[in-house]
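>>> Sequence and predicted structure, then a few things I'm wondering about:
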Amino acid sequence: MDNTNQRKALINSEIALFLRGLIIGKVLTLMVIGGLLWWLLKPNLSSRYGVNSSSNQNINAPSNNANASNFQTVADVPPASFNYGGSTAWASIRQLVDSQIQSARPELQLRYVDPANGSPGSSSGIRMLLDGKLDFAQSSRPLTDEEQAMARERGFTLEQRQVGMDGIAVVVNPSLKVSGLTVQQLQQIYLGQITNWNQVGGPNLPITAFSQRPEDADTVIFPSNSDLQGQALGSNVQYVYSTTDAVRQLSKTPGGVYYASARSVVFQCSVKALLLGRTSGELIPPYRKPMVSPEQCPRQRNQLNTQAIKNGSYPMIANLFVIIKQNKGQEQQIGDAYAKLLLTDQGQKAIEQAGFVGVP
């Protein structure tokens, strides 16, 4: 090939290389411009089709409600140390919820006080409040007319403010072959009218009914508006200091029976919770089915039937009350503040974490 042809071939290859570079450059330029236009138009396109990019990224994230109330939002919490006491059923609330409250509001210090005489419970706590030994009380039952009358005699009134719900469970020795009771049968057992388990479809075995003394009772099975309220318990009733004591006694008493806060006894391994009903045809378990047998416990434990308590199908409900002294003093201020703390969204969630049901 002569020099002329070589130069022509070189020129042609340079032109081809130039044209190829020019084309690639234009394509890249168009891509950059297109990408820029897409970025600028993205919000409009998103809104046009109802898509929010920021919410889309957090679609599975838990919602953060700015209006949700918490312990920090409660006003007029007095900065001091206060004594409180009462229901033993509230033990898990004191351990979990009250510790959270004091962590969030360090200016408030709460001290649980046991009664000097008798066993701790709703009744003894209310009595200590009436006597000026507590600033507020925790109760698993409503106030009685007698307690309200005693308060008026001392120049003030008592308010009961509901903050949660619990069930009243009936527990027996695990070996007892009885599936359930009606509320009326349970009441008749404690009045001494039913004294043998064969009267309610069980074995020929005398009934030993355990109970706290009425003056110290934590929960009640005779409503205050019932004719049975105030009647003497039967001679078959043996009195115990606390639920812990009763559970210990039941584990070695084949014919024993006891009633208490469902939250306190449903989880126990050494007793069996009975189904309970308004009639024999509608017996409801205080635990979630299927029941965990004693052999499976403590690897597994029965859980509270919160759904039945919430919807009212479970026949014996124990409402949780803060008992507040209405005397326009610091006792009223702390009682009111404590109830408000428990009724916040954070407080209600903590009450449920403690094993109870929030207020409707």
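That came in fine, so what should we check first?
>>> any idea where the helices of the stretch 251-360 of the chain begin and end?
Taking DSSP state H, counting those that start in this stretch as the test, the helices found in the stretch 251-360 of the chain are 262-265, 306-311, 330-342, 345-353.
>>> what's the most buried one of those helices?
Sort the helices of the stretch 251-360 of the chain by mean neighbour count, taking mean count of other Cβ atoms under 10 Å, and helix 262-265 sits at the top with a mean of 28. Every residue, glycine included, has its C-beta placed from N, CA and C.
>>> so how far is that one from its chain's centroid?
Centroid separation between helix 262-265 and its chain, computed with Cα atoms, centre = their mean, to the nearest Å, is 12 Å.
>>> coming back round to it: and Asn196, which of the helices of the stretch 251-360 of the chain is closest to it?
Smallest distance to Asn196 across the helices of the stretch 251-360 of the chain (Cβ to Cβ): 23.3 Å, for helix 262-265.
>>> For that closest one, which helices and strands make contact with it?
strand 157-172, helix 243-250 (3 or more Cβ pairs under 8 Å, 6 or more residues apart in numbering; DSSP states H and E).
>>> how does it look with 10 Å?
Counting contacts by 3 or more Cβ pairs under 10 Å, 6 or more residues apart in numbering; DSSP states H and E, helix 262-265 is packed against helix 91-104, strand 157-172, helix 243-250, strand 272-273, helix 306-311, strand 317-326.
>>> one step back: please render the helices of the stretch 251-360 of the chain as TSV that adds mean pLDDT and distance to Pro206 to the earlier fields.
Putting the helices of the stretch 251-360 of the chain into TSV (pLDDT from 0 to 100; distance: least, Cβ to Cβ, whole Å) gives the following:
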stretch	mean pLDDT	distance to Pro206
helix 262-265	94	22
helix 306-311	94	31
helix 330-342	98	43
helix 345-353	96	39
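>>> Rebuild the ones you listed as a markdown table, extending it with distance to Ser175.
Output for the helices of the stretch 251-360 of the chain, formatted as a markdown table (distance: least, Cβ to Cβ, whole Å):
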| stretch | distance to Ser175 |
| --- | --- |
| helix 262-265 | 17 |
| helix 306-311 | 26 |
| helix 330-342 | 40 |
| helix 345-353 | 33 |
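>>> Out of the ones you listed, which gets nearest to Gln160?
Taking Cβ to Cβ as the criterion, Gln160 comes closest to helix 330-342 out of the helices of the stretch 251-360 of the chain, the separation being 9.7 Å.
>>> The closest one to helix 91-104, inter-axis angle?
Using axes from the mean of the first three to the mean of the last three Cα atoms, to 10 degrees, the direction of helix 330-342 lies 100 degrees away from that of helix 91-104.
>>> which helices and strands does helix 330-342 pack with?
If you count contacts as 3+ Cβ pairs under 10 Å, 6+ apart, helix 330-342 packs onto strand 81-86, helix 91-104, strand 136-139, strand 157-172, strand 317-326, helix 345-353.
>>> try 6 Å
In terms of contacts (3 or more Cβ pairs under 6 Å, 6 or more residues apart in numbering; DSSP states H and E), helix 330-342 is packed against strand 317-326.
>>> list the helices and strands the strand it packs on packs on?
In this structure, strand 317-326 makes packing contacts with strand 136-139, strand 157-172, helix 330-342, judged by 3+ Cβ pairs under 6 Å, 6+ apart.
>>> Could I get the full set of strands for the stretch 101-250 of the chain?
Taking DSSP state E, counting those that start in this stretch as the test, the strands found in the stretch 101-250 of the chain are 109-112, 136-139, 157-172, 180-182, 208-211, 237-239.
>>> Which strands and helices lie in contact with the longest one?
This points to strand 157-172. Contacting strand 157-172 under the criterion 3+ Cβ pairs under 6 Å, 6+ apart are the following elements: strand 256-261, helix 262-265, strand 272-273, strand 317-326.
>>> how about those in a markdown table, adding distance to Ile284?
Conversion of these to a markdown table gives the following (distance: least, Cβ to Cβ, whole Å):
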| stretch | distance to Ile284 |
| --- | --- |
| strand 256-261 | 15 |
| helix 262-265 | 11 |
| strand 272-273 | 11 |
| strand 317-326 | 11 |
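>>> Quick check: which of these is buried the most?
Sort these by mean neighbour count, taking mean count of other Cβ under 10 Å, and helix 262-265 sits at the top with a mean of 28.
>>> returning to what we had before: can you tell me which of the helices of the stretch 251-360 of the chain is nearest to Ala68?
helix 345-353 (4.4 Å).
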